[in-house]
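Asker: Below is the sequence, then the predicted model.
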Amino acid sequence: MSIVVINALSVPAEAGEELEKRFAARKHSVDSSPGFEGFKLLRPVNGEDRYFVYTQWATREDFENWRDQRAGAAHAGGDAQKPVAQGADLMEFEIVEL
């Protein structure tokens with residue numbers, strides 16, 4: 001069963017453009033990851049001030065493997081840029097097949 005993982009990023013209004021530029025620069029970096037099924041960056045418009053990073057995975061294990069590999073690369077000095085987000089909440093959902 002596919003899962004959706006949404007990372008809700010608290011981003012100051014003046015930093016939204018920078019966040020979008022950074023995601024655009026890495027747009028296809030996850031495409032070849034095993035089990036990856038899709039990605040969307042959702043910009044807040046009305047009633048919400050957080051950006052949502054939506055990813056879809058074939059299994060929870062696929063997501064966890066990608067997350068763990070990415071964390072390892074970050075600790076090895078992969079990206080030295082200062083974070084744009086001031087906070088983040090991770091949400092997970094299973095896709096209901098109707």
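Answerer: Yes, it's here. Residues are numbered from 1 along each chain as shown.
Asker: Once you drop chain neighbours, what's closest to the residue most central in space within the chain?
Answerer: For the chain, Val53 is the residue whose C-alpha lies nearest the centre (CA atoms, centre = their mean; 4.1 Å). Nearest non-adjacent residue to Val53, counting by CB to CB, 6 or more residues apart in numbering: Asn7, 4.2 Å away. For every residue, glycine as well, the C-beta is placed using N, CA and C.
Asker: Give me the number of neighbouring residues for that neighbour.
Answerer: Here the number of neighbours of Asn7 (other CB atoms under 10 Å) works out to 15.
Asker: residues in contact with Ala58?
Answerer: Residues in contact with Ala58 (CB atoms under 8 Å, 6 or more residues apart in numbering) are 2, 35-37.
Asker: In these, find the pair that's most separated.
Answerer: Within the contacts of Ala58, two members stand farthest from each other by CB to CB: Ser2 and Phe36, at 10.7 Å.
Asker: Next, show the common contact partners of these two.
Answerer: Counting by CB under 8 Å, 6+ apart, the residues touching both Ser2 and Phe36 are 56-58.
Asker: Can you lay out those as JSON lines showing distance to Met91?
Answerer: Shown next, in JSON lines, are the shared contacts of Ser2 and Phe36 (distance: CB to CB, whole Å):
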{"residue": "Gln56", "distance to Met91": "13"}
{"residue": "Trp57", "distance to Met91": "13"}
{"residue": "Ala58", "distance to Met91": "18"}
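Asker: what about dumping the CA coordinates of the helix or strand hosting the residue nearest to the centre of the chain to CSV?
Answerer: Assigned by DSSP states H and E, Val53 belongs to strand 50-57. Below are the C-alpha coordinates for strand 50-57, written out as CSV (Å, rounded to 0.1, in the frame of the first residue of the first chain):
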residue,chain,number,x,y,z
ARG,A,50,3.2,26.7,6.1
TYR,A,51,4.6,25.1,2.9
PHE,A,52,3.8,21.4,2.5
VAL,A,53,6.3,19.1,1.0
TYR,A,54,4.2,16.1,-0.3
THR,A,55,5.9,12.9,-1.3
GLN,A,56,4.4,9.5,-2.2
TRP,A,57,6.2,6.2,-1.7
